[in-house]
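S.K.: next input, structure requested:
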Amino acid sequence: MNHIAAHITLAPCSEELTELLMARLAGIGFEGFEYTESGFTAYIPEQDFDLSALEGLGLAESVPGCRVAWTTELIVERDWNKEWEEHFTPITVGGRIVVRAGFHPEAPGMEYEIIIEPKMSFGTGHHATTALMLESILDLKEEVAGKRVLDMGCGTGILSIMAVKAGASDVTGIDIDEWAYNNAGENILLNGCTNIRIKIGDASLLAAEAPFDLILANINRNILLDDMERYVNRLGRGGRLIMSGFYTEDLSLIREKAQVLGLGYQGCKTEQNWVAATFLCPE
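M.R.: Presented below is the predicted three-dimensional model:
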């Protein structure tokens, strides 16, 4: 079967924006996704491809503050199961976490193992921001144990799962996309986590939530700046807020907003010009 590949580029490129656009393409029949350095490629069977539906999404105008461009290409018949197994490779984070698919062999001796179904290959730890957030959770393992955690923009649920494996007693994941809701639920079952609940929506859902001890938000700069006050309003005293999805040059803006909201800056991790920054709510 031949496929059409839609090559999508984003500037700036973030995991949250990539997930958002992938979900929109999934809604018109695209069924396979691969990360690229500047965005992603989406695939759809040639007979199911509708150019007018793709144009109707208005991708170039759909994300404020981000330049989105796309092109399409005909791809001759491929063995997609073989493609997934060849291109979705296990990764290790911090020498302590392995993220793999169910068709990969187990990794004996690794401290933590997370299984992610790779039918859409994002939120798998391959992006720098996800790896940085996983490392940040490891750094706070003692503080995470027995605590209540929020995962904003949860995507595949990978950070929620890591929080549970680090000892969190209760985790809430929130994502605006229905695909994320369904995929996160699947991955939660694959990892045997029973204390994670996933909700569909945005930061407005937080008004009904009790305070959290740790809030994780791997989204993008603009959403973080817009919603940070809502996060802080649901962060318990002495709690931590870890944010990623933005570039090093944006860290000053994030720090300034956090300071205005009364948070103390604790430090950051960087990789490939991406940042994960940790902030503390005073006791």
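
S.K.: ok, now which ones touch residue 248?
M.R.: 270, 273, 274, 275 (CB atoms under 8 Å, 6 or more residues apart in numbering). Glycine gets a C-beta too; all of them are placed from N, C-alpha and C.

S.K.: let's go with 7 Å and repeat that
M.R.: 270, 273, 275 (CB atoms under 7 Å, 6 or more residues apart in numbering).

S.K.: just to check, the last one is in contact with residue 243?
M.R.: No: under the contact definition of CB atoms under 7 Å, residue 275 does not touch residue 243, with a separation of 8.4 Å.

S.K.: tell me which of the two has more neighbours.
M.R.: Neighbours around residue 275 and residue 243, counted as other CB atoms under 10 Å, are more numerous at residue 243. The numbers are 29 against 22.

S.K.: tell me the bridge partners for that one.
M.R.: residue 217, residue 277 (DSSP bridges).

S.K.: could you check how far it is from residue 260?
M.R.: 15 Å (CB to CB, to the nearest Å).

S.K.: also residue 12?
M.R.: 23 Å.

S.K.: so between those two, which is more surrounded?
M.R.: residue 12 (17 against 11).

S.K.: hey, which helix or strand in the protein has the poorest pLDDT?
M.R.: helix 80-87 (a mean of 61; mean pLDDT, DSSP states H and E).

S.K.: any stretches of the stretch 101-250 of the chain with poor pLDDT?
M.R.: 118-125 (pLDDT under 70).

S.K.: quick one: the strands in it?
M.R.: In the stretch 101-250 of the chain, the strands defined using DSSP state E, counting those that start in this stretch lie at 112-115, 148-152, 170-175, 196-200, 212-218, 235-247.

S.K.: dump these to JSON lines, plus distance to residue 71.
M.R.: Putting the strands of the stretch 101-250 of the chain into JSON lines (distance: least, CB to CB, whole Å) gives the following:
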{"stretch": "strand 112-115", "distance to residue 71": "34"}
{"stretch": "strand 148-152", "distance to residue 71": "32"}
{"stretch": "strand 170-175", "distance to residue 71": "28"}
{"stretch": "strand 196-200", "distance to residue 71": "32"}
{"stretch": "strand 212-218", "distance to residue 71": "28"}
{"stretch": "strand 235-247", "distance to residue 71": "25"}
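
S.K.: those strands: which one's closest to residue 126?
M.R.: strand 112-115 (12.4 Å; CB to CB).

S.K.: please enumerate the helices of the stretch 1-150 of the chain.
M.R.: Here the stretch 1-150 of the chain has its helices, by DSSP state H, counting those that start in this stretch, at 15-26, 51-56, 80-87, 128-139, 141-144.

S.K.: state the mean pLDDT of the first one.
M.R.: Yep, that's helix 15-26 we're talking about. When pLDDT is averaged along helix 15-26, the result is 82.

S.K.: ok, the residue lying closest to residue 227 once chain neighbours are set aside to residue 14 distance?
M.R.: For residue 227, ignoring the flanking residues on the chain, the nearest one in space by CB to CB, 6 or more residues apart in numbering is residue 203 at 4.1 Å. Residue 203 is 17 Å from residue 14, where distance means CB to CB.

S.K.: and the two? Which one has more around it.
M.R.: More neighbours surround residue 14 than the other of residue 203 and residue 14, with 24 against 21 (other CB under 10 Å).

S.K.: does the more buried one touch residue 220 like I think?
M.R.: Yes: the criterion here is CB under 7 Å, and residue 14 meets it with residue 220 at 4.2 Å.

S.K.: tell me who's in contact with the closest residue to residue 94 other than its chain neighbours.
M.R.: Nearest residue to residue 94 in three dimensions, chain neighbours excluded: residue 135, at 4.9 Å (CB to CB, 6+ apart). Residue 135 is in contact with 93, 94, 269, counting by CB under 7 Å, 6+ apart.

S.K.: how near is the first one to residue 138?
M.R.: Residue 93 is 8 Å from residue 138, where distance means CB to CB.

S.K.: got it, and the second one?
M.R.: In this structure, residue 94 lies at 6 Å from residue 138, with CB to CB as the measure.

S.K.: the more surrounded of those two?
M.R.: residue 138 (19 against 14).
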